[in-house]
Structures are given as C-alpha cells and as structure tokens.
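> here are the coordinates; sequence isn't available:
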C-alpha cells in the first residue's frame, strides 16, 4: 500500500478511469465519531506522541474515547483492552503494513468496531511530524516529503517504482483487452 494513497488514486484513474481524491481519513473519522457520538479507541505511536495526540483528540467535545494505548504494548494487551472497551471506531497508527496485519488480527478476535489504519497520523496530530506542504499533497508527492524528512525510509520506498511499473503494465494490458 502506498503511504499517502497516491497509488490508490493513480490505480483508480489508470485502471477504471475514475477520478478520486485523497482525504485525511483519520481526521474525518474523528469528526464523524464526534458528530455521531461513537465510541472510539486509539492505538499506536510512541508513548509521548500517543498521549499528546489523545489530549488533542479529547478536544472534540462529543467524542466518546473509550480506550487508548500506545503502540509499544503487547498485541495481546491491546486486543484485550479493545475487546473490553467495545469501540465502534478503532484508529490504528502503527505504519504499513504492520497496522493492516494487526487490524486483521484484532478484528478476527474482537469482532466489533471499524478499524482505520492511520500510519503516522498520531505523530502528525501530536506535532512531532509535519505533514507535507499542500502542493506536494495535491500532486501525490507526500511520500517524497516523508522520504526527505526520514531518509532511513529509503529501502521501504524502493517498492514504489515497482508498484507504478506494474500498475502501468496492467493498465496497458487492459486497454489492449488482454
């Protein structure tokens, strides 16, 4: 999965001719939880960023935050906590693909709630990381900004050219009716 969903936007356009846009899903989900009085749980980030983000999330006047744990607890402890809290919305900020793998395991054991993987959203919300400039967001270059800020991600980003090449090949083969 592409970190900033640029791959999903590109895939929809190239494969299906569908124009789409990226949204800040974690913020939209928190607003929906606030407006709908949903029970929410937040999982992930390091302890300091997690706590800062939870404090900021607590400023939503109607949000019903029924649980939260930073991402350095054991899987078993997190799953047990979520199971007890029975949230309707669960934000998991562990980075990809860890958060997707954890979300699948969590839902297989808890069987309740809607999980949204939100990557570094808690780090951004806490103020520890900055989001890319709007120009980069609008042009699907958030991944490049993240790489500039965190060069150790270079190895992770090597899959991007492979992904784009595969997407291109599949889109060309579809147009040629293969």
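Sure thing, it's come through. No experiment lies behind these values; they were computed from the predicted model shown.
> can you show me the helices along this protein?
Taking DSSP state H as the test, the helices found in the chain are 6-16, 25-36, 47-57, 75-85, 98-110, 121-126, 134-138, 142-149, 154-157, 159-175.
> give me the pLDDT for the closest residue to residue 12 other than its chain neighbours.
Once flanking residues are discounted, residue 12 sits nearest to residue 18: 4.3 Å by Cβ to Cβ, 6 or more residues apart in numbering. C-beta: built from backbone N, CA, C; applies to glycine. As predicted, residue 18 sits at a pLDDT of 90.
> residue 121 too?
pLDDT recorded at residue 121 is 89.
> okay, now it: neighbour count?
25 (other Cβ atoms under 10 Å).
> please apply the same query to the one 5 residues further on.
Residue crowding around residue 126 was assessed by other Cβ under 10 Å; the count is 20.
> chain center to the worst-scoring helix or strand of the chain on mean pLDDT, what's the gap?
Every helix and strand of the chain was ranked by mean pLDDT, DSSP states H and E. The lowest is helix 154-157, at a mean of 82. Distance, stretch centre to chain centre, for helix 154-157: 18 Å (Cα atoms, centre = their mean, to the nearest Å).
> next one: stretch 44-51
15 Å.
> and if you look at stretch 104-115?
Using Cα atoms, centre = their mean, the offset of stretch 104-115 from its chain centre is 16 Å.
> domain ranges for the protein, per the record?
Per automatic domain parsing, the domain ranges recorded for the chain read 1-21+140-178, 23-131.
> show me what contacts residue 23?
Applying Cβ atoms under 8 Å, 6 or more residues apart in numbering to residue 23 gives no contacts.
> can you pull the pLDDT of it?
Residue 23 is given a pLDDT of 77.
> do the one 5 residues further on as well
At residue 28 the predicted local distance difference test score is 90.
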